[in-house]
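J.: After the sequence you'll find the predicted model.
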Amino acid sequence: MNAIKEYDVIICGGGTSGCSAAISAARAGANTLLIERIGSLGGQMNISGPPGFAYAHFFNPLGEQDIGGIMEETYNRLYKSGHALPHIKTPIRLKAGYTFSYIDPDWWGLMIFEMMTENNVNLLLHSLVVDVLKEGNIVKGVVVENANGRVEIPGKIVIDCTGEGDIAARAGAPFEMASREEIQPHTVSFTVDGVDWDKLCKYIRENPEDIEWLAFSSTSSHEEVMEVFKNLTDITELGEVQGFFSLRDKALAKGDWHKFSGVGFFLMPREGGRILAHLQHSSQVPNVLPTDAWDLTRGEIECRRQILIAWRFFKNYMPGFENAYITRVCPEMRIREGRRIMGDYKLTTDDVRMARKFDDVIGKSHFPSGGHHLATVDTLGMHDKSARDRKERSPEGGGSYDLPYRILVPQKVENMLVAGKMVSTDRDPYLRFLQQTMVTGQAAGVAAAICATRNITPRDLEKDVSELQRILTAQGAILKGTH
Ligand SMILES: Cc1cc2nc3c(=O)[nH]c(=O)nc-3n(C[C@H](O)[C@H](O)[C@H](O)COP(=O)(O)OP(=O)(O)OC[C@H]3O[C@@H](n4cnc5c(N)ncnc54)[C@H](O)[C@@H]3O)c2cc1C
């Protein structure tokens with residue numbers, strides 16, 4: 001094995017959480033190493049699917065901004081360079097807390113390399129973290145497999161940002177995960193160009209009852225939603241388009257649609273105002289555990305079978321898609337649900353409902369709890385159910401809930417933090433949305449930098465988070481000031 005110098009902070013996984021953690025740790029003065037299994041950064045957002053309405057939810061339904069920091073900074077950079085759509089805050093969206101801003105994920109993937117260089121983050125790509133170095137329950141670094149062989153890399157603090165919590169689990173941290181029977185279905189997304197948007201908008205104007213607008217059904221009246229469809233001239237106003245029930249039913253009757261999902265797609269902006277359609281629900285494979293490579297393999301095969309069915313449907317049934325063509329099938333399945341690493345606090349459904357505030361706040365969210373796994377309840381009808389329940393699952397009064405630092409500190413191991421969708425929550429308030437992963441990533445990065453500098457453990461830091469909060473605030477994170 002080759003021995004390498006010790007880093008202050010080692011981050012495993014270069015998805016949205018890992019990139020955010022790396023930048024914030026480096027900005028807080030840590031000698032930081034970000035290790036990623038493949039050659040690109042951005043993780044699920046741009047390796048396995050564009051963000052859809054990803055950069056949503058900067059504002060809660062009261063119109064209060066609750067997400068800032070590195071998340072907002074990346075959006076602003078892309079917007080200024082013409083690679084993001086303006087932030088859409090129509091009244092109907094504000095009421096639902098569903099304002100959003102589309103970005104071009106490929107440009108995000110390019111820009112993030114610039115940000116790594118600007119912030120002096122050390123990168124090690126094409127390297128799979130396979131284990132941790134450990135003395136007792138104290139993590140001392142990681143073990144990596146790459147073209148160089150098996151490499152040990154010492155580090156003062158290790159942050160697991162692998163999405164599925166592989167490294168924290170290896171280190172001995174306890175976790176929870178839905179069973180194979182219950183886990184949410186996973187998806188291979190694909191992107192298409194050449195859509196005749198005018199033709200599609202005309203169909204929506206003339207058939208408004210055929211369309212559904214998931215996020216707004218519980219906060220706006222049916223008539224208000226129909227008004228938007230009836231007057232639609234610009235597809236970007238909708239953002240995500242779902243339903244097409246009559247077309248789907250016609251196809252189902254002829255065996256031209258599979259039964260695993262409803263029909264819909266998201267938008268993806270390209271330079272010069274061009275809009276692509278991104279199909280991120282057209283394949284959905286249930287009963288696949290992300291902790292089992294045989295399951296994952298079966299899922300990849302099944303997703304591609306479903307994509308072929310879905311694509312035939314879009315070409316033959318969907319107005320405007322007649323001359324469309326696939327520009328990218330994402331190279332790997334996007335995992336909807338995986339491990340949640342149990343930390344010193346577990347965020348609950350009640351915390352979300354009550355818009356609970358915590359003394360050790362490191363960020364905020366207002367996304368409802370529990371919408372994620374409805375897809376497994378009734379795949380064809382999931383959007384109806386999700387929309388119906390959304391209000392009951394959202395923070396009362398339209399406010400935001402705090403994310404406490406302790407959800408990043410795994411039990412039973414020292415010198416380790418976790419960030420991204422694996423952080424410590426009940427199943428319902430799973431914090432998997434992109435903005436949430438960047439918020440927890442940024443906080444974990446700063447916390448790790450402080451611990452490395454002061455030679456304390458992340459658990460020690462729980463006793464006094466004032467420095468963490470001060471640095472996060474200085475980095476633009478929003479910790480206070482919302483209902
Ligand atoms: C179909 C689908 C659609 C979605 N749509 C949206 C949406 O519209 N909006 C939204 O906000 N969210 C959406 N999400 C959720 C969101 O995309 C993910 O939850 C989020 O990207 C997870 O970020 P992360 O940083 O936690 O993990 P990931 O993005 O999974 O990043 C983990 C990184 O770690 C790397 N890695 C893994 N293991 C190792 C290892 N051992 N060694 C080194 N590197 C490793 C991986 O290659 C990857 O780059 C969607 C999810 C799915 C499944």
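T.: That came in fine, so what should we check first?
J.: drop to CA atoms for contacts and neighbour counts, all remaining ones
T.: Will do.
J.: Please say whether there is contact between the lengthiest helix in the chain and the ligand.
T.: The residue-count maximum for a helix in the chain (DSSP state H) belongs to helix 293-317. No: using CA under 6 Å from any ligand atom, we find that helix 293-317 stays clear of the ligand, coming within 11.2 Å at best.
J.: same question, stretch 322-332
T.: No: shown here: stretch 322-332 not in contact with the ligand (CA under 6 Å from any ligand atom), separated by at least 9.9 Å.
J.: Also stretch 20-39?
T.: Yes: Stretch 20-39 is in contact with the ligand by CA under 6 Å from any ligand atom, via 35-38.
J.: Who are the contact partners of the nearest residue to Val329 once chain neighbours are set aside?
T.: Leaving aside its sequence neighbours, Val329 sits nearest to Phe190 (CA to CA, 6 or more residues apart in numbering; 4.3 Å). By CA atoms under 8 Å, 6 or more residues apart in numbering, the contact set of Phe190 is 49, 278-280, 326-330.
J.: same check, this time on Phe245
T.: Contact analysis of Phe245 by CA under 8 Å, 6+ apart lists 210-211, 263.
J.: Go through these and name the one nearest the ligand.
T.: Comparing those against the ligand with CA to the nearest ligand atom places Val263 closest, at 13.5 Å.
J.: Could you list the residues of the stretch 201-350 of the chain in contact with the ligand?
T.: Residues of the stretch 201-350 of the chain found near the ligand (CA under 6 Å from any ligand atom) are 280, 334-336.
J.: could you dump the helix or strand hosting Met111 to PDB, C-alpha only?
T.: Here Met111 sits within helix 105-118, counting by DSSP states H and E. C-alpha atoms of helix 105-118 as PDB (Å, rounded to 0.1, in the frame of the first residue of the first chain):
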ATOM      1  CA  PRO A 105     -26.800  20.200 -15.100                       C
ATOM      2  CA  ASP A 106     -24.000  19.700 -17.600                       C
ATOM      3  CA  TRP A 107     -22.900  23.300 -17.000                       C
ATOM      4  CA  TRP A 108     -23.200  22.800 -13.300                       C
ATOM      5  CA  GLY A 109     -20.800  19.800 -13.800                       C
ATOM      6  CA  LEU A 110     -18.300  22.100 -15.600                       C
ATOM      7  CA  MET A 111     -18.600  25.000 -13.200                       C
ATOM      8  CA  ILE A 112     -18.100  22.900 -10.100                       C
ATOM      9  CA  PHE A 113     -14.600  22.000 -11.300                       C
ATOM     10  CA  GLU A 114     -13.800  25.700 -11.500                       C
ATOM     11  CA  MET A 115     -15.100  26.200  -8.000                       C
ATOM     12  CA  MET A 116     -12.900  23.300  -6.700                       C
ATOM     13  CA  THR A 117      -9.800  25.000  -8.200                       C
ATOM     14  CA  GLU A 118     -10.700  28.400  -6.900                       C
END
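J.: Name the next helix or strand following it along the chain.
T.: Helix 105-118 is succeeded, C-terminally, by strand 122-124 (DSSP H and E).
J.: who touches that following strand?
T.: 31-36, 116.
J.: doesn't Cys19 make contact with Met45?
T.: No: using CA atoms under 8 Å, Met45 is not in contact with Cys19, being 11.6 Å away.
J.: ok, back up a step: which among the residues of stretch 20-39 next to the ligand end up buried?
T.: When the residues of stretch 20-39 next to the ligand are checked for burial by 16 or more other CA atoms under 10 Å, the buried set is 35-37.
J.: related to what we said a few turns ago, out of Met45 and Cys19, which sits in the busier spot?
T.: Taking neighbours as other CA atoms under 10 Å, Met45 and Cys19 compare with Cys19 leading, 30 against 21.
J.: Let's see if you can find the most crowded of the contacts of strand 122-124.
T.: Most neighbours among those, by other CA under 10 Å: Thr32, with 29 neighbours.
J.: Identify the bridge partners of that residue.
T.: Listed by DSSP bridges, the beta-bridge partners for Thr32 are Val9.
J.: Find me the pLDDT at it, would you?
T.: Thr32 is assigned 98 on the pLDDT scale.
J.: shouldn't it be in contact with Ile10?
T.: Yes: counting by CA under 8 Å, Ile10 is a contact partner of Thr32 at 5.9 Å.
J.: Are the helix holding Met111 and the ligand in contact anywhere?
T.: No: Helix 105-118 stays clear of the ligand (CA under 6 Å from any ligand atom), getting no nearer than 11.0 Å.
J.: just to revisit the earlier point, now do the residue nearest to Val329 against Val285, distance only.
T.: Distance of Phe190 to Val285, computed by CA to CA, to the nearest Å: 15 Å.
J.: still on that earlier bit, among the residues of the stretch 201-350 of the chain next to the ligand, name the ones in helices.
T.: Using DSSP H, no member of those falls within helices.
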